[in-house]
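S.K.: below is the sequence, then the predicted model.
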Protein chains: 4
Amino acid sequence: MQPEKGQKRKSLKQRLVLKSSLAKETFSEFLGTFIMIVLGCGCVAQATLSRGHFGGIVTINVGFAMAVVMAIYVTGGVSGGHINPAVSFAMCLFGRMQWSKLPFYVGAQFLGAFVGSATLFGIYYDGLMSFAGGKLLIMGENATAHIFATYPAPYLSLENAFADQVVATMFLLMIVFAIFDSRNLGVPKGLEPIVVGLLIVVISSSLGLNSGCAMNPARDLSPRLFTALAGWGFEVFTAGNNFWWIPVVGPLLGAAIGGLIYVLVIEIHHTDPDTNFNGEQSEDKLEKYELNVAM
Amino acid sequence: MQPEKGQKRKSLKQRLVLKSSLAKETFSEFLGTFIMIVLGCGCVAQATLSRGHFGGIVTINVGFAMAVVMAIYVTGGVSGGHINPAVSFAMCLFGRMQWSKLPFYVGAQFLGAFVGSATLFGIYYDGLMSFAGGKLLIMGENATAHIFATYPAPYLSLENAFADQVVATMFLLMIVFAIFDSRNLGVPKGLEPIVVGLLIVVISSSLGLNSGCAMNPARDLSPRLFTALAGWGFEVFTAGNNFWWIPVVGPLLGAAIGGLIYVLVIEIHHTDPDTNFNGEQSEDKLEKYELNVAM
Amino acid sequence: MQPEKGQKRKSLKQRLVLKSSLAKETFSEFLGTFIMIVLGCGCVAQATLSRGHFGGIVTINVGFAMAVVMAIYVTGGVSGGHINPAVSFAMCLFGRMQWSKLPFYVGAQFLGAFVGSATLFGIYYDGLMSFAGGKLLIMGENATAHIFATYPAPYLSLENAFADQVVATMFLLMIVFAIFDSRNLGVPKGLEPIVVGLLIVVISSSLGLNSGCAMNPARDLSPRLFTALAGWGFEVFTAGNNFWWIPVVGPLLGAAIGGLIYVLVIEIHHTDPDTNFNGEQSEDKLEKYELNVAM
Amino acid sequence: MQPEKGQKRKSLKQRLVLKSSLAKETFSEFLGTFIMIVLGCGCVAQATLSRGHFGGIVTINVGFAMAVVMAIYVTGGVSGGHINPAVSFAMCLFGRMQWSKLPFYVGAQFLGAFVGSATLFGIYYDGLMSFAGGKLLIMGENATAHIFATYPAPYLSLENAFADQVVATMFLLMIVFAIFDSRNLGVPKGLEPIVVGLLIVVISSSLGLNSGCAMNPARDLSPRLFTALAGWGFEVFTAGNNFWWIPVVGPLLGAAIGGLIYVLVIEIHHTDPDTNFNGEQSEDKLEKYELNVAM
């Protein structure tokens, strides 16, 4: 209320405020991925460490999805809430983000996921230590490594595993593109994160059995690296016939295919309001693009 | 930004863009039904193949419903998101779609459901092969045919089965008509798919026990045909006292009755804004109709 | 499109259209309560008849709540979607509906619940007959009477049962009043039914153990009467120390108390826009009132 | 309609209407916390007293979250719906509420939680009495004290318990700040309570195992005091190595950290519309602030 006080607070703020939009976005993606890992992998931790008494497939699928929802609400207005290198890659591929930003986004995502893993490890330190008599195991009924990274089902071949990650991420991106396409049915502005959350509920309920449905290189590789360093050992990389690279490479390919299908089957056939100089519609579209591109 | 580049992309696009609205809609219904089958039946697959460890009635009912939600978000702005021959039939019957479009919609729906079944079979190929020692069974505790098509409960007579499909689809259409009736309470624009999803949650939780609540000829017959060809054998058609035709014929009758009840009990009694030339209201209604009719 | 055809359809419609607003509302309340019973009690039927394999507390609580949501979407724009004599009573008591309409609303609700019970009995006829060897039981592990009406837990005294119904309905009405109070936080128009549904989820998850949380005379008494006539016998009235009258009388008292608490603690303290002749706000309020009062 | 009648009702109302805004807000916070405890702890009661037959982790996590949603809808427009001393504290700390209001808010919250505990005890009196042969136990399989207050897992050290409450409340406030930040992605007005509810679902599913995720001094201390007085005895304070103070102090620290992280990483970097005298945006922000500050 007093101008002097406002002045003073402003000058303090001014020293902290980031001038660069890219710096803001990088911090934002770091925070978003951090939130997703602590709250999302936290649901797996609670179900695992309680041996199913305080969690199960419903709390994991709904909880992880809502962790993504919350991460998007925290970061969506600043960096678009990608929190996934495969999403950022698809955004660049389809002209919705500049390629020059990609390394910053992806780096922030990997780092956020690593710090999130460490934080979750800290919160559940006593629980992890008491769960298997102090041992941190990758396999068997006392395993805890799958709290952090995903592992394939025993029956799964590498070919099927790769197809699984490609197809799951293909559905993710195809439908995310629809959710943010204001010329389609149109999710009300501000509710897109909820619909993305419901999408993750259904994908993890339908395509989660083969290998846990990572669909996100940062969500899988950073926590895996953390577990390797924190005591589970580097067998986290060799487990499942060296499965580790599949949730890293598969999602990138799947994201490209998913985006392409949506664009080819739906998006390019919209009667294009841009060419008609239809002001209102174009503005709407731009507004949506900003969300994705995070300028 | 550069006009040359824009020109070039446009010319590439122009070659791919569908001139015919009906062609767009046909592709859209194909894609929507494909999505519904992969993600929806995928929930049944995950629960079945994990023998209940990674899925159950909650993930199936919520997951299948959200698969429908996502299919509608992808296709709603183009073809109205019917993804169900019974819905398309009711839309024609009540003057919300031209009859001439019906064969294209229904054909696309059946084809999309067939391709979706094949895709799901591929994603879970290793899982299906390991589940019953390589056998693809229709009956018993190792059965997997019900991942794709619906089968009646042991206690169910054919008469009760037929009534079940008629009544379930009657509720589906009666309430779908309410959801898209802008002169009733009015679901906010862009949230109709979510409410349709919640409707499917309740119907599958209440009327799903008798025979799995297909309510959709394409959702049931195409996957059944796929399983017949893919190794389960043509007993999928004779099982349950030749049950297969009931989720095909019952929904068409139920959809007609459901639409009729809504129109007779609720819709025709609205004070009609059309006759008052009340511009704003009429526009609103038209906007809603477009969603259904997908012109 | 052709005026002649339009004329003709109109004249057909004109013969069917109800002139009286009260007649419309009565039909609407009948249909809404019918929907709630078939889909809501249907969730209990599915869980009971499958002995928990295809339903449980989650599908019942969420499913019944969504049955209410759907009933409100179908009837809300016409009759306000009360589907509960206790709600209609409170609306009259707090000046939101004329007392002269009450008998019609309540009659339609009781009738709709009765017809809904009969319909559900028909859909699950084969299931009910095979469940306990053709017997329709009120008590024990093969009981099916609780599919339709509510029964008290073995530990419950009549005093506690009465308090339970009063308090549960008190919370229902108190919060329903908040949901429709446009001068409070304000649920977005058209989403009130969803929030009412979430309210029913929490009440049935927290206050459902004592006696099944009917909170609605029509939802409980009509199905109880139906079961008495359909083969369970008139012991449905004497069971639980003549429990039957508690979900009839308790909710009426609870609704009055709940509404009163909301009005006294929250509503009357709003700075009243009516006295300021603040046009816009008043209109908003009226719009909301119409929803409740269903003029 | 009649001015005389309106006059008369007004004069009755005028005697009851609270002149002081602070009095209104105090009553509102009392009512909100009361609702949260009866309906939220009620979910734990139903699951515990039915030994898991009518409730479990899903109904508890979803039910408690929806209890919070309902409390916010009832109180949000009057007092901002804090219902948590840690939230009120953070609001003061970050300049969104005057410090002078804090004691009234906190007092009302503690009192509301106490009265809510007593009400819940009354509703489930018969159930509690029959559960363990009339004994009210704190430990073991017949324990009922955790219906009201939270207790730590057996494996948990005090250090880890404190960190758990700090981190959980940090996530709560960080994301609540995002949900009400109209310059971020922006939850649609009137839907913020729903998103807060989803946030509580994910936090209780991911960070609830260590010690039940109270995150709220009033939600934990008042019910604990009630149980001490109502028959469980003062061991409720010494249990778990004198755990009782951790959900009181931890949340205050966590709320401060959570708010600070959001402000430092996201909020201060928004291009500030205030300095641009951008009227529309500022108004929007003020409207949102009112919700929080509850003037």
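M.R.: That came through fine.
S.K.: my guess is residue A:166 contacts residue A:252. True?
M.R.: No - under the criterion of C-beta atoms under 8 Å, residue A:166 is not in contact with residue A:252, lying 9.2 Å apart. (Glycine included, C-beta is placed from N, CA and C.)
S.K.: how about the residues of the stretch 51-200 of chain A near chain B?
M.R.: A:57-58, A:61, A:153, A:155-157, A:160, A:163-164, A:167, A:171, A:174-175, A:178-179, A:181, A:183-188, A:191, A:195, A:198-199 (C-beta under 8 Å from any C-beta of the partner chain).
S.K.: what's around residue A:149, how many residues?
M.R.: Residue A:149 has 28 neighbours, counted by other C-beta atoms under 10 Å in any protein chain shown.
S.K.: just the buried ones from the residues of the stretch 51-200 of chain A next to chain B, in ChimeraX syntax?
M.R.: Buried members of these, defined by 16 or more other C-beta atoms under 10 Å in any protein chain shown, are picked up in ChimeraX with:
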select /A:57,58,61,153,155,156,160,163,164,167,171,174,175,178,179,181,183,184,185,186,187,188,191,195,198,199
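S.K.: phi and psi next, for the closest residue to chain C within the stretch 151-295 of chain A.
M.R.: For the stretch 151-295 of chain A, the residue closest to chain C is residue A:188, as judged by C-beta to the nearest C-beta, at 8.9 Å. Dihedral pair for residue A:188: phi -60, psi 140, per degrees, to the nearest 10.
S.K.: tell me which residues touch the nearest residue to residue A:119 once chain neighbours are set aside, please.
M.R.: In space, and not counting its chain neighbours, residue A:119 is closest to residue A:38: 5.3 Å by C-beta to C-beta, 6 or more residues apart in numbering or on different chains. Residue A:38 makes contacts with A:67, A:116, A:119, A:120, A:123, D:167, D:171, D:206, D:207, as judged by C-beta atoms under 8 Å, 6 or more residues apart in numbering or on different chains.
S.K.: same thing but 6 Å
M.R.: A:116, A:119, A:120 (C-beta atoms under 6 Å, 6 or more residues apart in numbering or on different chains).
S.K.: wait, which of those is closest to chain B?
M.R.: residue A:120 (21.5 Å).
S.K.: could you measure from the closest one over to chain D?
M.R.: 8 Å (C-beta to the nearest C-beta, to the nearest Å).
S.K.: could you find the closest non-adjacent residue to residue A:258?
M.R.: Residue nearest to residue A:258 in three dimensions, not counting chain neighbours: residue A:173, with 3.3 Å by C-beta to C-beta, 6+ apart.
S.K.: doesn't that neighbour fall inside a helix?
M.R.: Yes - under DSSP: H, G, I helix; E, B strand; the rest coil, residue A:173 falls within a helix.
S.K.: model confidence for residue A:274, exactly?
M.R.: Note for residue A:274: predicted pLDDT of 45.
S.K.: also residue A:278?
M.R.: Residue A:278 is given a pLDDT of 34.
S.K.: so where is chain A shaky, pLDDT-wise?
M.R.: Chain A contains residues with pLDDT under 70 at A:1-14, A:272-295.
S.K.: backbone phi and psi for residue A:137, please?
M.R.: phi -110, psi 150.
S.K.: number of nearby residues for it?
M.R.: Neighbour number of residue A:137 under other C-beta under 10 Å is 16.
S.K.: with residue A:264 instead?
M.R.: 12.
S.K.: thinking again about what came up before, who wins for neighbours among the contacts of residue A:38?
M.R.: That'd be residue A:116 among those, by other C-beta under 10 Å, with 29 neighbours.
S.K.: show me which residues of the stretch 1-150 of chain A sit near chain C.
M.R.: Residues of the stretch 1-150 of chain A lying near chain C by C-beta under 6 Å from any C-beta of the partner chain: none.
S.K.: closest point of chain A to chain C, which residue?
M.R.: residue A:58 (7.5 Å).
S.K.: that residue: what secondary structure?
M.R.: helix.
S.K.: you'd agree it is up against residue D:58?
M.R.: Yes - the pair residue A:58 / residue D:58 is scored as a contact, 5.3 Å apart, by C-beta atoms under 6 Å.
S.K.: using PDB, write out every CA atom in stretch A:177-192.
M.R.: The C-alpha coordinates for stretch A:177-192 follow below in PDB (Å, rounded to 0.1, in the frame of the first residue of the first chain):
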ATOM      1  CA  PHE A 177      -2.000 -33.100 -29.200                       C
ATOM      2  CA  ALA A 178      -5.800 -33.400 -29.300                       C
ATOM      3  CA  ILE A 179      -6.200 -32.000 -25.800                       C
ATOM      4  CA  PHE A 180      -4.300 -28.900 -26.700                       C
ATOM      5  CA  ASP A 181      -5.900 -28.500 -30.200                       C
ATOM      6  CA  SER A 182      -8.300 -25.600 -29.800                       C
ATOM      7  CA  ARG A 183      -9.800 -26.300 -33.200                       C
ATOM      8  CA  ASN A 184     -10.900 -29.800 -32.100                       C
ATOM      9  CA  LEU A 185     -13.600 -30.300 -29.400                       C
ATOM     10  CA  GLY A 186     -11.600 -28.200 -27.000                       C
ATOM     11  CA  VAL A 187     -10.800 -28.800 -23.400                       C
ATOM     12  CA  PRO A 188     -11.700 -25.700 -21.500                       C
ATOM     13  CA  LYS A 189      -8.700 -23.500 -20.800                       C
ATOM     14  CA  GLY A 190      -7.100 -24.300 -17.500                       C
ATOM     15  CA  LEU A 191      -8.500 -27.800 -17.400                       C
ATOM     16  CA  GLU A 192      -6.000 -29.400 -19.900                       C
END
